[in-house]
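Asker: kindly generate the corresponding structure for this input.
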Amino acid sequence: MAAEKKIITAFLALLEEEGYDKINVSQLMNRVHLTRTYFYQLYTDKSELAREAFFSLVKTYLIGVSQAITANGTANQESVRQGMQFINDHRDDMQLLMRVQNGQFNLLTEFQGRIKPSSRMKSARHD
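Answerer: Down below sits the predicted model:
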């Protein structure tokens with residue numbers, strides 16, 4: 001398992017055990033037997049790690065969904081099944097991450113802002 005995946009997996013476990021505010025970088029990196037220096041080579045802080053964990057799950061799901069649609073516009077049933085299984089397998093992780101917030105950082109609000117249609121997209125739909 002790649003180091004980044006180990007860090008995310010350990011972060012999710014700590015998130016479930018202790019909550020976002022109680023997690024610190026030293027504790028996280030001790031769990032995966034890596035240095036704090038390595039953490040800071042990958043992420044600026046734990047909020048960036050939370051973003052990476054969340055959006056990597058979203059990205060994996062969206063790639064799967066895009067592959068479920070065949071060239072002729074029909075759905076590949078096996079790919080759809082795998083996508084639904086992915087959602088089921090990662091539901092708890094997604095729910096934990098959606099509750100991550102601290103001061104100015106709120107992952108749910110950030111996600112909603114990223115998926116909100118732009119005003120240009122809204123006007124294109126009304127044309």
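Asker: so, low pLDDT: which residues of this protein?
Answerer: Applying pLDDT under 70 to the chain flags the ranges 1, 70-71, 117-127.
Asker: can you show me the helices along it?
Answerer: 3-18, 25-32, 36-42, 46-68, 77-98, 107-115, 119-126 (DSSP state H).
Asker: and the first one, how far from the chain's centre?
Answerer: On the basis of Cα atoms, centre = their mean, to the nearest Å, helix 3-18 is displaced by 12 Å from the centre of the chain it belongs to.
Asker: same thing with the third one?
Answerer: Its chain's C-alpha centre lies 19 Å from the corresponding centre of helix 36-42 when counted by Cα atoms, centre = their mean.
Asker: what packs against that helix?
Answerer: helix 3-18, helix 25-32 (3 or more Cβ pairs under 8 Å, 6 or more residues apart in numbering; DSSP states H and E). (Glycine included, C-beta is placed from N, CA and C.)
Asker: now with 7 Å?
Answerer: With contacts taken as 3 or more Cβ pairs under 7 Å, 6 or more residues apart in numbering; DSSP states H and E, helix 36-42 sits against helix 25-32.
Asker: got the buried residues for the helix it packs on?
Answerer: Neighbour-count burial for helix 25-32 flags 25, 28-29, 31-32 (criterion: 16 or more other Cβ atoms under 10 Å).
Asker: find the centremost residue of the protein, please.
Answerer: By Cα atoms, centre = their mean, the chain has its centre lying nearest to Phe54, at 1.3 Å.
Asker: unless I'm mixing things up, that one is touching Leu97, no?
Answerer: Yes: contact criterion Cβ atoms under 7 Å: Phe54 and Leu97 qualify, at 4.3 Å.
Asker: overlap of the contact sets of those two?
Answerer: Leu107 (Cβ atoms under 7 Å, 6 or more residues apart in numbering).
Asker: roughly how far apart are the residue lying closest to Met94 once chain neighbours are set aside and Tyr38?
Answerer: Closest residue to Met94 apart from its sequence neighbours, by Cβ to Cβ, 6 or more residues apart in numbering: Leu57 at 6.1 Å. Distance of Leu57 to Tyr38, computed by Cβ to Cβ, to the nearest Å: 22 Å.
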